[in-house]
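Asker: Fold the following and give me the result.
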Amino acid sequence: MSTVDDITLERIIERYDERRNLYEDFMSRQVTLLTEFLAENGPRVFSVTGRVKSRDSLRRKLLSGPPYTRLEEVKDLVGIRIVTFFQSEVDQVADQIRKEFQIDEAFIFDRGEALDPERWGYGARHYIASMLESRLRLIEYKRFVGCQAEIQVRSLLQHSWAEIEAVMGYTTRESFPRERRRQFARVAGLLELADQEYNEIHQFLKPYEQRKAQEAAQSASEDKPQVRRDPVGRDALLDFVRENPTCRDLDARLAATINVNVQDNDAFIDKLLEHLAYVDVTTMTQLENELRTQRKSILGIGGQLFSRHGGERDYAALWRGISVYMVCYTLAASSQKADQILLYLDRTEIGPLLERDDLADDLDHW
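Answerer: Numbering: from 1, shown residues only. From the prediction side, this is the model:
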């Protein structure tokens, strides 16, 4: 039976229709902010996604839930889901949420503590969050005053299990065939054990990797001078683009030329590794030296590139490490051989991004 009268129901739905675009924008900004905060401060997460409650879903909630009188009483109009790799990282993400958002303490909920023991999979942490007052005073965020989002945080295995539960229609024990409940509970137990075991392995590996790195550094210091000590690798490059001050500053300056943010993209790291190998940059020290040496060329060529093509391309963001990408332009051209430049463009698929004649002009100028 409906707990909301028809007039109130239609008034709330009408209000929702008026504000739907606002909620979409709010959701998008929340996802962007959370992605940037976690990329900056950790931990590295599997995904940050968002959704706005559909009109039909809102109607069902109004008809089956408590007696709502205003749209603003519905706390989950905007939903954000953060999926961590490990269970231990749920608390770390929660700390970042508390630092960067205003949390409604009355609505914090840990589903894992409230569920039937057989319902391990949906053990998410839930928060109702709004933007900080200091952020809402900024002109680009003023319109989000009063907007809230439900933020869910759970591990990757919990997320996978919850999705499987939803597909199989397991919402309560009573809704599932009795003869299959025990089997379902066994699978849930195995996944919970796997989550715990992965977490323990992860906790062990962090100090282990640090110890091995220290041992390797000590061993390298005793080797001959020609031994390469800081080879370019995926993990090293990923840490470099996130933490190196020179790289971060150049990335930020390039992004500022077209007024966009810098965002993480792990797949982009793989592309950078290919480019660096082609221009024979083999150590992290060499890469940092090239960024410093080629700073003027990177900013000059990058600025001309993005200003020239900014009107033709809708850049939502630049990937973190874009300055490493740009230094490959200058290094490929350092021999001043046209065939080498063209080969590099073809091999790394930069061609579609930049007209070759334009690149030649820029290189001559800078």
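
Asker: Point out where the stretch 251-366 of the chain drops to low pLDDT.
Answerer: Counting by pLDDT under 70, the stretch 251-366 of the chain has low-confidence residues at 307-314, 333-366.

Asker: Do you have the helices of it handy? List them.
Answerer: In the stretch 251-366 of the chain, the helices defined using DSSP state H, counting those that start in this stretch lie at 266-278, 284-293, 295-309, 322-332, 338-348, 356-365.

Asker: cool, and the stretch 1-150 of the chain?
Answerer: With DSSP H, counting those that start in this stretch as the criterion, the stretch 1-150 of the chain has helices at 6-41, 55-64, 89-100, 111-114, 133-136.

Asker: which stretch in those helices has the least confidence?
Answerer: Of all the helices of the stretch 1-150 of the chain, mean pLDDT reaches its minimum on helix 111-114 (a mean of 48).

Asker: before we move on, the earlier item: now the helices of the stretch 1-150 of the chain in a markdown table, please, with extra columns for distance to residue 160 and mean neighbour count.
Answerer: Placement of C-beta: from N, CA and C, glycine included. What follows is those, written out as a markdown table (distance: least, Cβ to Cβ, whole Å; neighbours: other Cβ atoms under 10 Å):
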| stretch | distance to residue 160 | mean neighbour count |
| --- | --- | --- |
| helix 6-41 | 20 | 16 |
| helix 55-64 | 23 | 15 |
| helix 89-100 | 15 | 17 |
| helix 111-114 | 15 | 13 |
| helix 133-136 | 33 | 13 |
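
Asker: now the ones you listed as TSV including distance to residue 237?
Answerer: Shown next, in TSV, are the helices of the stretch 1-150 of the chain (distance: least, Cβ to Cβ, whole Å):
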stretch	distance to residue 237
helix 6-41	15
helix 55-64	43
helix 89-100	22
helix 111-114	36
helix 133-136	32
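
Asker: so which of the ones you listed gets nearest residue 153?
Answerer: helix 89-100 (5.0 Å; Cβ to Cβ).

Asker: mind checking which of the helices of the stretch 1-150 of the chain is nearest residue 82?
Answerer: helix 89-100 (5.6 Å).

Asker: and the closest one, what does it pack onto?
Answerer: With contacts taken as 3 or more Cβ pairs under 8 Å, 6 or more residues apart in numbering; DSSP states H and E, helix 89-100 sits against helix 6-41, strand 78-84, strand 125-131, strand 149-155.

Asker: residues in contact with residue 41?
Answerer: residue 96 (Cβ atoms under 8 Å, 6 or more residues apart in numbering).

Asker: Pull up the per-residue confidence for residue 128.
Answerer: Residue 128 is assigned 95 on the pLDDT scale.

Asker: What separation do you get for it and residue 155?
Answerer: The gap separating residue 128 from residue 155 is 21 Å, by Cβ to Cβ, to the nearest Å.

Asker: Same drill for the two, tell me which one is more crowded.
Answerer: residue 155 (22 against 19; other Cβ atoms under 10 Å).

Asker: what's the neighbour count on the closest residue to the more buried one other than its chain neighbours?
Answerer: Distance criterion Cβ to Cβ, 6 or more residues apart in numbering; nearest residue to residue 155, sequence neighbours excluded, is residue 87 at 4.6 Å. Using other Cβ under 10 Å, residue 87 has 21 neighbouring residues.

Asker: For residue 87, grab phi and psi.
Answerer: Residue 87 adopts backbone torsions of phi -60, psi -40, taken as degrees, to the nearest 10.

Asker: My read is that it contacts residue 199, right?
Answerer: Yes - contact criterion Cβ atoms under 8 Å: residue 87 and residue 199 qualify, at 4.9 Å.
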